[in-house]
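Engineer: Next one to model:
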Amino acid sequence: MTGWNAPEFTTNCYTTEPFYVRDGAWSLNDSTVYFGTTGYHPNGLPTGSYPRTGPCDAALAFPATPATVAATWTNYTGCDSLYSAAADGKAGYFGGHERWSMNPVGCDF
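Structural biologist: Numbering: from 1, shown residues only. From the prediction side, this is the model:
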């Protein structure tokens, strides 16, 4: 066990589509951990509230440091789910329902 902890993963997402990490992958040099998530949007997000925050329906990268960490980047999918993650020496790769990748200001548009 390490001290790695990502408090962002305690976020509650939309009640009919609870948040959970669907897949994760380590970079080849063990410096970054990538995650693909589901969850639609954060629970209680008022309609039309942007830009989005939190880990719901996103690709995320975290440092693999044995400490409490925050995402180094987040790529929002426009409220579409990701189901798989993979990594190589240069990038993270994600699979799922990605109609609007890189979309922090829209949900289903």
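
Engineer: Which parts of this structure are strands?
Structural biologist: Secondary structure of the chain (DSSP state E): strands located at 21-26, 32-37, 58-63, 73-76, 82-87, 92-96.

Engineer: Which of those sits closest to residue 9?
Structural biologist: Closest approach to residue 9 among the strands of the chain (CB to CB): strand 21-26, 6.6 Å. C-betas here are computed from N, CA, C, even on glycine.

Engineer: What residues of that closest one count as buried?
Structural biologist: Neighbour-count burial for strand 21-26, with 16 or more other CB atoms under 10 Å as criterion, is recorded at 21-25.

Engineer: Relative to residue 83, which of those residues is nearest.
Structural biologist: Distances from residue 83 to the buried residues of strand 21-26, taken by CB to CB, are shortest for residue 22, at 4.8 Å.

Engineer: Excluding chain neighbours, what is closest to that closest one?
Structural biologist: residue 83 (4.8 Å; CB to CB, 6 or more residues apart in numbering).

Engineer: what's the neighbour count on the one you found?
Structural biologist: Using other CB atoms under 10 Å, residue 83 has 13 neighbouring residues.

Engineer: now residue 41
Structural biologist: 23.

Engineer: For it, give me its contacts.
Structural biologist: Residue 41 makes contact with 13-14, 52, 54, 56-57, 79, 107, according to CB atoms under 8 Å, 6 or more residues apart in numbering.

Engineer: what do you get for residue 103?
Structural biologist: Contacts of residue 103 (CB under 8 Å, 6+ apart): 76-78.

Engineer: what is it paired to in the beta sheet?
Structural biologist: residue 77 (DSSP bridges).

Engineer: That one and residue 53, how far apart?
Structural biologist: Distance of residue 103 to residue 53, given as CB to CB, to the nearest Å: 14 Å.

Engineer: hmm, back to that, looking at the contacts of residue 41, spot the one nearest residue 95.
Structural biologist: Of these, the one sitting nearest to residue 95 (CB to CB) turns out to be residue 57, at 13.6 Å.

Engineer: Let me know whether the closest one touches residue 74 as I believe.
Structural biologist: No. With contact defined as CB atoms under 8 Å, residue 57 does not count as touching residue 74 (10.4 Å).

Engineer: who has more neighbours, these two?
Structural biologist: A direct count of neighbours by other CB under 10 Å for residue 57 and residue 74 places residue 57 higher, at 29 against 19.

Engineer: Brilliant, that's me finished.
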